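>>> Build me a structure from this.
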Amino acid sequence: MTVLLVAAVCVPQAGGRFFGAVERFGSRLARRKALAIILVASAGIFLRVAMLPLVPVPTPEFHDEFSYLLAADTFAHGRLTNPPHPMRIYFDTMHVNQVPTYMSKYPPAQGAALALGQVLGHPWIGVLLSVAAMAAAVVWALQGWLPPPWALLGGALLLLRVGIFGYWINSYWGGAVAALGGALVIGALPRIMRVWRARDAVILGLGVAILANSRPFEGLVFCAPVVAVLLFWLFRKQSRPWRQTLPRVVAPFCVVILLCGTFMAYYNWRGTENPLLFPYTANERLYESSAPALLWQKATAPIRYPNAQFDAFYNGWNHDTWQEGRPASVGEAIRLLKRDAGRLVRFLLWPELCVPFLMLFWILQDRRVRFLVAQTTICFCGFVLVAWFFPHYAAPLVATVFALAMQGFRHLRKVTWRGRPIGAGVSRAVVIAAVLLAPFHPMDYPKPGMANRVRIATELEKMPGKQLVIVRYSAKHDANAEWVYNRADIDDSKIVWARDIPSVDLAPLLTYYRDRSVWIVEPDSSLPEPRPYSAPLKQ
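Alright, predicted model coming up:
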């Protein structure tokens, strides 16, 4: 990276004929806006599929991934939730509601994307399609703020950054769905303010609906300044009359939001038997009351769980992480803000795409994009209110951040020194570095290691009949390496994973599944292998 930048400053016109031809071709392509959007989405799918021999389809590792996959399996079977299981005490696990219904605690958007993939053959297809849709939406959003060539470049760089090697494409954790929603919102805003079309108001509503069903809190913080700006435009004196704005903007947007709210209330009712109680909130009340997600929520006394893994996770790792994320002073809040911003910058921009932000002073002079700067600032201040932070929490901001980066590129390209176009050379060097460094941006979060679970599941899938696996953990088990996750229809599954709880008799479980082959596995042994379980059944 440094070598490229030094060379660009010293010899800014090197390769000018080649780069000029590429840029002219890209500009002609970018002016065909619909084609540019389709090509970026298609390139994302093609490049990632081409990488499968080197970077294969991911396997789930984290609690969140298994929970999202449960939602996907539920939706793929045409249900919004599942009835509680009579043996649920043995199946209880992190981030999954067992009562009043059996379902993921998370909002449904990510699960719906994975369900689409499952219907098409594998849940990861849904991840791939969501990333392609995100890249397409970001190009569309940037076309509303910037000239077409810069919008195309922004979409291509985003694709290189997260669409091939990042954890958003290589896990089931999410990120792309919320980024898609944010791109639709931020891309609809300038279009509505320019032409007041009902289509753009509907797209704005769809973006808000996606955010409400993927990252509701972060989406609310993200959308608040957008709504404020639109209200200002609607009510200012020189705005168009209400007989135009009501049918073209207000009514279409409100219809979409009303439909979204109705669905969310119905989804809540099906999952928690209360239209105003979100599954996430129900799960938090039952399991995480000592470590609530938002900083203004009060913690209660730790819950005592029947199994040691819940105690280690909720009263140990979860509570400690929550405590570390609570600022005790203004200085601590600033530190957390810098921490969260640093994590997002490392994921999305560092190091090569940070170079355009050296032009921040000139970016701030652009009246057109000041709103994007303000929105980014507001969002990061809002994100500090959450006790923990991962880059996919800030996914709604992706299009905004890349719009600012492309605006920085525009200013950078104009920089000259003693008549030499060093800005053009540096901007080209940054793009080259982005291409070359794309495979080398590491994931921030080491996986807990679930290879043995995958191996054992593969072995048991090949055996005749149905299997019951009783998981027995040691006292030193890593609470983030959880094996007990099941499909939506537990009883119809080839493999059922159950938890061995020392204080709970296994006899009811063994009686219930007396037609299955029963195995016991100890994940914390040096090489876990399933052993036949031979304890006698109690009649």
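
>>> And the residue nearest the centre of the chain?
Residue closest to the mean C-alpha point of the chain, counted by Cα atoms, centre = their mean, is G175 at 1.7 Å.

>>> show me what contacts that residue?
V162, Y167, W168, P391, H392, A395 (Cβ atoms under 8 Å, 6 or more residues apart in numbering). Quick note: C-beta positions are derived from backbone N, CA and C, even for glycine.

>>> Out of the residues you listed, which sit inside helices?
V162 (DSSP state H).

>>> Please enumerate the strands of the stretch 101-250 of the chain.
Using DSSP state E, counting those that start in this stretch, the strands of the stretch 101-250 of the chain run over residues 103-104.

>>> can you check the stretch 351-500 of the chain too?
Counting by DSSP E, counting those that start in this stretch, the strands of the stretch 351-500 of the chain are 467-471, 495-499.

>>> Summarise which helices and strands the last one is packed against.
What it means is strand 495-499. Secondary-structure packing of strand 495-499 (3 or more Cβ pairs under 8 Å, 6 or more residues apart in numbering; DSSP states H and E): helix 88-91, helix 451-461, strand 467-471.

>>> Take these and lay them out in TSV including distance to P108, mean neighbour count and mean pLDDT.
Shown next, in TSV, are these (distance: least, Cβ to Cβ, whole Å; neighbours: other Cβ atoms under 10 Å; pLDDT from 0 to 100):
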stretch	distance to P108	mean neighbour count	mean pLDDT
helix 88-91	21	18	96
helix 451-461	26	15	95
strand 467-471	28	22	97
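
>>> Between those, which one is closest to L152.
helix 451-461 (39.1 Å; Cβ to Cβ).

>>> Among the contacts of G175, which pair sits farthest apart?
Y167 and A395 (11.8 Å).

>>> Tell me if I'm right that F389 and R343 touch.
Yes: if you go by Cβ atoms under 8 Å, F389 and R343 touch, sitting 6.1 Å apart.

>>> which of the two has more neighbours?
Shown here are F389 and R343; by other Cβ atoms under 10 Å, F389 has more neighbours (20 against 16).

>>> Near the nearest residue to that one once chain neighbours are set aside, how many other residues are there?
Distances taken as Cβ to Cβ, 6 or more residues apart in numbering put D340 closest to F389, at 4.4 Å, once the chain neighbours are dropped. If you count neighbours by other Cβ under 10 Å, D340 ends up with 22.

>>> picking that back up, could you rank the contacts of G175 by neighbour count and give me the top one?
Most neighbours among those, by other Cβ under 10 Å: A395, with 30 neighbours.

>>> OK, contacts around that residue?
With contact taken as Cβ under 8 Å, 6+ apart, A395 is in contact with W168, G174, G175, A176, V177, A178, A179, G182, S214, R215, E218.

>>> Dump the contacts of G175 into a markdown table; add distance to I210 as well.
What follows is the contacts of G175, written out as a markdown table (distance: Cβ to Cβ, whole Å):
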| residue | distance to I210 |
| --- | --- |
| V162 | 17 |
| Y167 | 20 |
| W168 | 15 |
| P391 | 18 |
| H392 | 14 |
| A395 | 11 |
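
>>> Out of the contacts of G175, the closest to W233 would be?
W233 lies nearest to A395 out of the contacts of G175, by Cβ to Cβ, at 26.4 Å.

>>> quick one: pLDDT of the nearest residue to the closest one once chain neighbours are set aside?
Sequence neighbours aside, A178 is the residue nearest to A395 in space, at 3.7 Å (criterion: Cβ to Cβ, 6+ apart). pLDDT, A178: 98.

>>> Surely A178 and G219 touch.
Yes: using Cβ under 8 Å, A178 makes contact with G219 at a distance of 7.0 Å.

>>> Identify all contacting residues around stretch 363-381.
145, 186, 218, 221-222, 224-226, 229, 337, 340-341, 357, 394, 396-397, 400-401, 403-404, 407-408, 411.

>>> same check, this time on stretch 499-513
Counting by Cβ under 8 Å, 6+ apart, 86-87, 89-93, 306-309, 466, 468, 470-473, 484, 496, 498, 518, 520, 533, 535, 537-538 sit against stretch 499-513.

>>> Quick one: buried ones out of those residues?
By neighbour count, with 16 or more other Cβ atoms under 10 Å, those hold 87, 89-93, 307-309, 466, 468, 470-473, 484, 496, 498, 518, 520, 533 as buried.

>>> quick one on the thing from earlier: need the CA coordinates for the helix or strand encompassing the residue nearest to F389. PDB is fine.
Assessed by DSSP states H and E, D340 sits inside helix 330-348. C-alpha atoms of helix 330-348 as PDB (Å, rounded to 0.1, in the frame of the first residue of the first chain):
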ATOM      1  CA  VAL A 330     -18.300  11.200  29.400                       C
ATOM      2  CA  GLY A 331     -14.600  10.300  28.800                       C
ATOM      3  CA  GLU A 332     -15.600   6.600  28.900                       C
ATOM      4  CA  ALA A 333     -18.400   7.300  26.400                       C
ATOM      5  CA  ILE A 334     -16.000   9.000  24.100                       C
ATOM      6  CA  ARG A 335     -13.600   6.000  24.400                       C
ATOM      7  CA  LEU A 336     -16.400   3.600  23.500                       C
ATOM      8  CA  LEU A 337     -17.400   5.800  20.500                       C
ATOM      9  CA  LYS A 338     -13.900   5.700  19.200                       C
ATOM     10  CA  ARG A 339     -13.800   1.900  19.800                       C
ATOM     11  CA  ASP A 340     -17.000   1.300  17.800                       C
ATOM     12  CA  ALA A 341     -15.900   3.700  15.100                       C
ATOM     13  CA  GLY A 342     -12.500   2.000  14.900                       C
ATOM     14  CA  ARG A 343     -14.100  -1.500  14.600                       C
ATOM     15  CA  LEU A 344     -16.300  -0.300  11.700                       C
ATOM     16  CA  VAL A 345     -13.400   1.500  10.000                       C
ATOM     17  CA  ARG A 346     -11.200  -1.500  10.200                       C
ATOM     18  CA  PHE A 347     -13.900  -3.700   8.700                       C
ATOM     19  CA  LEU A 348     -15.100  -1.400   5.900                       C
END
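
>>> how about the helices and strands packed on strand 495-499 in JSON lines, adding distance to F361?
Output for the helices and strands packed on strand 495-499, formatted as JSON lines (distance: least, Cβ to Cβ, whole Å):
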{"stretch": "helix 88-91", "distance to F361": "57"}
{"stretch": "helix 451-461", "distance to F361": "49"}
{"stretch": "strand 467-471", "distance to F361": "57"}
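
>>> what about those, which gets the closest to E273?
Distance to E273, taken as Cβ to Cβ, is lowest for helix 88-91 among the helices and strands packed on strand 495-499, at 16.1 Å.

>>> Tell me which helix or strand comes right after the closest one, heading toward the C-terminus.
strand 96-97.

>>> who does that next one touch, helix- and strand-wise?
helix 63-76, strand 103-104, helix 279-287.

>>> Pick the most deeply packed of those.
strand 103-104 (a mean of 28; mean count of other Cβ atoms under 10 Å).

>>> how far is that one from where the chain is centred?
Computed by Cα atoms, centre = their mean, to the nearest Å, the chain-centroid distance of strand 103-104 equals 17 Å.

>>> got a list of contacts for it?
With Cβ under 8 Å, 6+ apart as the criterion, strand 103-104 contacts 67-68, 70-71, 74, 80-82, 95-97, 111, 271, 279.
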